[in-house]
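[1] Got a predicted structure plus its sequence, pasted below:
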Amino acid sequence: MAQQAIGGGSSAVAASTHAACQRFRGTDPLITGMTRRGLAKAVGFADDFGGIPDARWMRAMAFERLVRDSRFASQVATTAVGQLGLNRPTSVVTANAKLSEDRTAELLEKAHKRAINAGAATMLYGLAIPFVGFEGDGATDVKPDFAVVAPRNDDADASWLIMGDAKDYERVRSRIDDSRLMKGFLQVALGAESADAWSKLPVGMQVHRYGVLTVPRNAFLQPEALIEPLDDHRAEVSMRVAERRREASAVEMAEDVALTEHVRHLKATFDPSTCGSCTLFSFCRQELRDSSDPADLLIEIGVPTAERPQVLGMVDGSGEIGIPTASTRAQVEATVQGIAQTTGQFRVDQAGRPGTVNVVIAKSDSAALGVYGIAIQRVSSTGETAWTSSVFDDPQGAQTRLDIMRIIGTEIRASLKEQRLANSEETDPIHLVVPDKPTADVLVSVADNLAGIELSRLRWAQDIAMGRPALTFNGEQAEVPAPLNDLERLAVSFLLEEDRARAFTLRSPIIDLRSTLARHLIPGGPTVNALRLDYLVAWTGDGRATRERHRQVSDEIEAEVHTPGARLANRRSNDIHAALTGEKKGDPRPAKPAEYTSLVEDELAYKQETVTAAISTLRTFPDSKLCAVYRAVEGDAQEVWRRRLSFHASDLVRFGRTYRFWRNALVPAIEADDKCARQLQALTNPQSAFDGATDAGTRHLALATVVCTSPLEIKLDSRRIGDGDRIVMLHVNDVPCVEDASVGITFQKGSFKISDLSIGPLRAVPDAERAYTWSPEIVPELAVDDRLVVADFSWFSKLKGNRALSIDRPKPDTNSSPGVNCSETSYVDDPAGHRYCCRPHEDAEAEWSNTLAERRARGELNPEVWPPVVDEDAFEVAPTGAAVGDPSGEPAQPAPDYLTVDDLD
Ligand code: SF4
Ligand SMILES: [Zn+2]
C-alpha cells in the first residue's frame, strides 16, 4: 500500500454512522488503499448520493475563511481562553501552518514561547498533525481547522494547546442539531488525541481537556466558539481508532482477489434509512435487489430485524404471518402488491381549504437562509388563485428575506380578511401549506432572523432617542436597520407563532403536506423514501401494480433532477449555483440572468405540481367527524395570536426565548395537548390504534375479538383492562367507529363531547381466560370474529354515563398575551397591571435598552469585562463593517474527491 489514506475526511473516521457495518469497516481506506468514493467507482457503482453540492462546499470554504479572518480569529481565541478561566491574553497573534507538519511543529514552538514570555495567545490554523497511532507511517495527517495556544495561570513555564475545529452547521430555527454538534466535537477530539500523542509537541505544552468548536452564530456564517470538555469524546475516538487498527490488521486484501469479491465477502448491515450517505449504498442495494432470497426484500425495504419473522410469510409465498405492527404489514403489503395501502384514517387537516396559503421555495445550499425563489397560491372560498413565483437575484441578501415575508404577508392578510368576513364571531384559523418540513424550517428561520433584527432595532431606537450610540452586544457600532413594514411584520409574527406552536402536536399554523399525506397512505419500498412528497404522490393510483414498482419509483425519484421540497437535488443545485456565480470572479450576480431565472422557475414549477397533486390526492379521502375538533383547537390558539399581533405583545418571541415563567407554564399546556392528540389519534387512525394496542407499553388500548354476539362476549388481549372496567369501542375491523353517521360531536367550552359510541362495562366470564361479557349502552352491530380495538374509558374521561365520551379541550397558550379585556390604552393607563399581558414589544425593548446602557456604563459588558459575556439571545445583527461569508462571491469549485457529505454534516 503506497499511501495510507486515512486523514482528510477524518470526521467520518471519528464518528461514522456506519461503524456498525462490517462491510463499511472492512472497506476502510486503510485497508483498500483508496478513498471511499474511489472504491465505489472501482466496484462499478459510482456514488451519486454522498456527493457534496458545489454551493454547499463553497459555504464550508467561506466559513473556514471567516474563522481565519483576523477579527473573528481573535474573538474566537479570546472567548475560548476566557471561558476556560484563563487570564486575558496580552494580545492574540494568528499564524498559518499551511497544512505542513514541520511548519505546525515550528509554529507551536513559537506560540509556546510567546505564551510564556509575553502572555500572548496564538490562533494557529491550517495545522497538520500525524494521525494518532500512525506517526511516521506515512499516513495522511489529521488537519484540525485551528488551535489556540494560551499561557497557563498555574505554571509560568507552561502553555495550553486548545484544539478546535470549524463546522458550518446550519442553524435551523435558531438551533444547531445536537447530534451534529457531537459529531463536530468528536472531530475536535481526534485532533486532541493526535496532538497529545505527537512527538513534536513542544515540551511544556499540554493539550487542554476542553476543545472549541466554531459554528455559525447567525445566518451570515459569522463564527461563535462553543467550548466543551473532550474526555468522553476522546475516549470514543480512541476506541474507534483502535477498532480501525484491529480491523485493518485482521482484514487483509489478498493480492489475487478482485476488489468486488473483497467487498462482497464482508457482511453488510444494510439499513436504507442510514446507508444513503455511505458511498457503497448503490452497490449494497443492488446486491439485495439481485438476491434470490425473499427475506432480502425485507432488508432492502428496511423492516426492522425483530419484525422480519412476522412478515416473512408475506414475501416468501407461504402466506403465514405473525402479528407485525400494522404499519409494517401495510408497508410489506404495498411493496409486494405494488399498490399503496391506506391507514383507514379520515381527513383531519385543512390543506386545500379556504384560509390556506400554499408555499414552495427553492433553497440555496450555500446559506442557511438563502432562497433562490418562492411560489405561492392562496385558497379561498371561490377556489385557488394562480401560483405566482418570484426569483431572487441575491439569494442570501437581507432584501430577499424581507421580500419573502412581504409575499407571504400579503396572502396571509387576504386569508385573515376572508376568514373574518366568513364568520366574525368565531374566526376560522389560517394555515400555510408546505411540501415538507425543511420548507417550514427555512421560513421560520427567516422570520426568526427578522424578528431578532426588529427587536434589536427597537432597542437602538431607544438608544438614539436617549442620545446614546447604538451598539452591538460586543460594544461595536451597530448598523441600525429599517423597521419592518406591516406585511412583513404580519408574516414574521405568524411564523414565530408557528415556532412557538412546534411543541404542540395539535397545532398547525403550517401544514406539512408530506406528513399529512403519510397519515393516509403507505407506499411500498423503504420508509425513508416516503419522506419525499413526490415519492408518495407517485404511489397514487394502481396502474403500475407490480412487485417491481417500489424499485421503479425509487429509481425514478433518484434520477429526478427536481425535488418537491426546499432542498434541491445536487445536480440542479450545481446548475443554479453556476448560473448565479458564473465562471469569473467579479461577474455580476446572477452571472447568467436568463438561465438562472429559468432554472429556478423550472424547479419551482415541479414543486407546485407536486403540491397540487398531493392536495388532489388528499381530497380523495373522506373528511373526519373530528376535523372540526382539530380546527377548533387551532382556532382557539390563533385567536390569542391575533390579539398578540394587534397589540405587538410578545408575538416576536421564538420558542427558545420564551421567558422562564412562560416556559414553566407551558409544561402543563404541552401535556394537555399531547394527551388530547393521542386520544384523537386513537379515535381516528385505525392503524396507529392497532399498533398502540399491540404495544405492551400502551396500557389503555387493547385488541379484542368477538366470540359471541348474544350475549355480547369478547376475548380481550390485555393484562391491564379487565373485570369491572368500562371500555369504549374505537375501531371494528380497521374502520373507525367515530366516523359512523350516528356519532355526534358537541363543542363545549372545556371539552369535546362525542356521543353514541359503544361504551360499557366488562364482566369476566367464569373459568374462561380473558373472556368477558360486554354490555355497552349502545349495542353495536358485530359479527363473530370481528377484530376490535378498544380503549379503557377512564383514559378518556370521567363521565359517569355510557352514552358519551368527553375529551378535554386543550387551553391555548395565553401566557404573556393580551386578554379579551385588554384595550389599546390598558397598558398606558395601568403599566403595572398589564405588564404581563398586553405590554408591547416597543416598551419592553426600550426598558431592556436602558438596562443594557446602565450595565455598559458600569463596565459590565463586553469588551471591558473578562471573561467576555456570552450573548444568549444570539441575535442576528452584525456590527458595521464586519466580514460576512459570501459563498457565492466567486465561481464554484467542486469538493475534493475524498470528502462525502457525511464529512461536512
Ligand atoms: S451501504 Fe453497505 S457498506 Fe455502507 S453501511 Fe450500508 S451496508 Fe454497510
Ligand atoms: Zn393587558
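    Received the coordinates, thanks. Residues are numbered from 1 along each chain as shown. Ligands and ions are numbered 1, 2, ... in the order given.
[2] what's the burial count for the residue of the stretch 51-200 of the chain found nearest ligand 1?
    Nearest residue of the stretch 51-200 of the chain to ligand 1 (CB to the nearest ligand atom) works out as G51 at 14.9 Å. Bear in mind the C-beta positions are built from the backbone N, C-alpha and C, glycine included. Residues within reach of G51, counting by other CB atoms under 10 Å, total 20.
[3] swap in R642?
    By other CB under 10 Å, neighbour count at R642 equals 19.
[4] Now do the same contact list for it.
    416, 427 (CB atoms under 8 Å, 6 or more residues apart in numbering).
[5] Could you verify that it is part of a helix?
    Yes: counting by DSSP: H, G, I helix; E, B strand; the rest coil, R642 falls inside a helix.
[6] Would you mind checking which helix or strand in the protein has the lowest mean pLDDT?
    helix 10-14 (a mean of 48; mean pLDDT, DSSP states H and E).
[7] mind listing what the closest residue to ligand 2 within the stretch 451-600 of the chain touches?
    Residue nearest to ligand 2 within the stretch 451-600 of the chain (CB to the ion): S493, separated by 17.8 Å. By CB under 8 Å, 6+ apart, S493 lies in contact with 641, 644-645, 651-652.
[8] so is it in a helix, a strand, or just coil?
    helix.
[9] Now do it against P509, distance only.
    11 Å (CB to CB, to the nearest Å).
[10] again with R544
    Taking CB to CB, one finds R544 at 37 Å from P509.
[11] The two: which is more packed in?
    Taking other CB under 10 Å, R544 and P509 do not tie; P509 has more neighbours (23 against 13).
[12] dump the residue contacts of that one.
    Contacts of P509 by CB under 8 Å, 6+ apart are 429-432, 494-495, 497-498, 501, 634, 638.
[13] Where helices are concerned, which of those count?
    494-495, 497-498, 501, 634, 638 (DSSP state H).
[14] Where does the prediction get shaky in the stretch 801-905 of the chain?
    873-879 (pLDDT under 70).
[15] and if we set it to 90?
    For the stretch 801-905 of the chain, the stretches with pLDDT under 90 are 862-905.
[16] Break down it into its helices, ranges please.
    Using DSSP state H, counting those that start in this stretch, the helices of the stretch 801-905 of the chain run over 826-829, 841-857, 901-904.
[17] what ranges do the strands span in the stretch 1-150 of the chain?
    92-96, 121-125, 146-151 (DSSP state E, counting those that start in this stretch).
[18] and these as JSON lines, adding mean pLDDT?
    Formatted as JSON lines, these follow (pLDDT from 0 to 100):
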{"stretch": "strand 92-96", "mean pLDDT": "94"}
{"stretch": "strand 121-125", "mean pLDDT": "95"}
{"stretch": "strand 146-151", "mean pLDDT": "96"}
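[19] out of those strands, deepest packed?
    strand 146-151 (a mean of 28; mean count of other CB atoms under 10 Å).
[20] what's in contact with it?
    67-68, 73, 76-77, 80-81, 84, 86-87, 89, 108, 111-112, 114-116, 119-125, 127, 159-166, 191, 195, 205, 212, 214.
[21] Looking at these, which are in helices?
    Among these, the members falling in helices (DSSP H) are 67-68, 73, 76-77, 80-81, 108, 111-112, 114-116, 191, 195.
[22] Farthest pair within those residues?
    V67 and I116 (25.8 Å; CB to CB).
[23] The two: who's more crowded?
    V67 (26 against 18).
[24] wait, that one sits on Y125?
    Yes: the criterion here is CB atoms under 8 Å, and V67 meets it with Y125 at 7.2 Å.
[25] So which bits of the stretch 101-250 of the chain are right by ligand 1?
    Within the stretch 101-250 of the chain, no position lies close to ligand 1 (CB under 6 Å from any ligand atom).
[26] Any idea which residue of the stretch 101-250 of the chain lies closest to ligand 1?
    Closest point on the stretch 101-250 of the chain to ligand 1, by CB to the nearest ligand atom, is E247, at 13.2 Å.
[27] Look at that residue and say how many residues are nearby.
    17.
[28] same check, this time on G697
    For G697, using other CB under 10 Å, the count is 5.
[29] Could you look up the SS state of it?
    Under three-state DSSP, G697 comes out as coil.
[30] what's the pLDDT at it?
    The model reports G697 with a pLDDT of 87.
[31] List phi and psi for it.
    phi -80, psi -20 (degrees, to the nearest 10).
[32] now it: how far from ligand 2?
    44 Å (CB to the ion, to the nearest Å).
[33] any idea how far A689 is from that residue?
    14 Å.
[34] Within range of ligand 2, give me the residues from the stretch 701-850 of the chain.
    822, 826, 834, 837-838 (CB under 5 Å from the ion).
[35] could I get those as CSV with neighbour count?
    Converted to CSV, those look like this (neighbours: other CB atoms under 10 Å):
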residue, neighbour count
C822, 19
S826, 18
H834, 20
C837, 21
C838, 26
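[36] Secondary structure element for the residue nearest to W848 when sequence neighbours are not counted, which one?
    Nearest residue to W848 in three dimensions, chain neighbours excluded: R459, at 6.2 Å (CB to CB, 6 or more residues apart in numbering). Using DSSP states H and E, the element containing R459 is helix 437-465.
[37] Same check on I361?
    Per DSSP H and E: strand 356-363 holds I361.
[38] what angle sits between that strand and helix 437-465?
    90 degrees (axes from the mean of the first three to the mean of the last three CA atoms, to 10 degrees).
[39] ok, then the element right after strand 356-363?
    strand 371-380.
[40] want to try TSV for the helices of the stretch 801-905 of the chain, with distance to ligand 1 as columns?
    As requested, the helices of the stretch 801-905 of the chain are exported to TSV (distance: least, CB to the nearest ligand atom, whole Å):
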stretch	distance to ligand 1
helix 826-829	59
helix 841-857	50
helix 901-904	11
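[41] so which of those is the most packed in?
    For those, the highest mean count by mean count of other CB under 10 Å goes to helix 901-904, at a mean of 19.
[42] Return the list of helices and strands in contact with that helix.
    Counting contacts by 3 or more CB pairs under 8 Å, 6 or more residues apart in numbering; DSSP states H and E, helix 901-904 is packed against helix 10-14, helix 54-68.
[43] contacting residues for the nearest residue to N474 once chain neighbours are set aside?
    Spatially, and ignoring its direct neighbours in sequence, N474 is nearest to N862 (4.5 Å; CB to CB, 6+ apart). Counting by CB under 8 Å, 6+ apart, N862 touches 473-475, 868-869.
[44] try it again with 10 Å
    Contact analysis of N862 by CB atoms under 10 Å, 6 or more residues apart in numbering lists 75, 78-79, 82, 471-476, 856, 868-871.
[45] and if you look at M182?
    15, 213, 228, 232-233, 236.
[46] Angles on the backbone of the residue in the stretch 151-300 of the chain that ligand 2 sits nearest to, please.
    Among the residues of the stretch 151-300 of the chain, S174 lies closest to ligand 2, at 27.9 Å counting by CB to the ion. Dihedral pair for S174: phi 70, psi 0, per degrees, to the nearest 10.
[47] Repeat that for I339.
    phi -130, psi 130.
[48] Count the neighbours of it for me.
    Neighbours of I339 using other CB under 10 Å come to 19.
[49] How about E418?
    By other CB under 10 Å, neighbour count at E418 equals 19.
[50] ok, now the one 5 residues further on?
    In terms of burial, N423 registers 10 neighbours under the definition other CB under 10 Å.
[51] Just list the residues touching it, thanks.
    G635.
[52] How about T382?
    354, 418.
[53] For I376, give its distance to ligand 2.
    35 Å.
[54] how near is that residue to ligand 1?
    As defined by CB to the nearest ligand atom, to the nearest Å, I376 lies at a distance of 39 Å from ligand 1.
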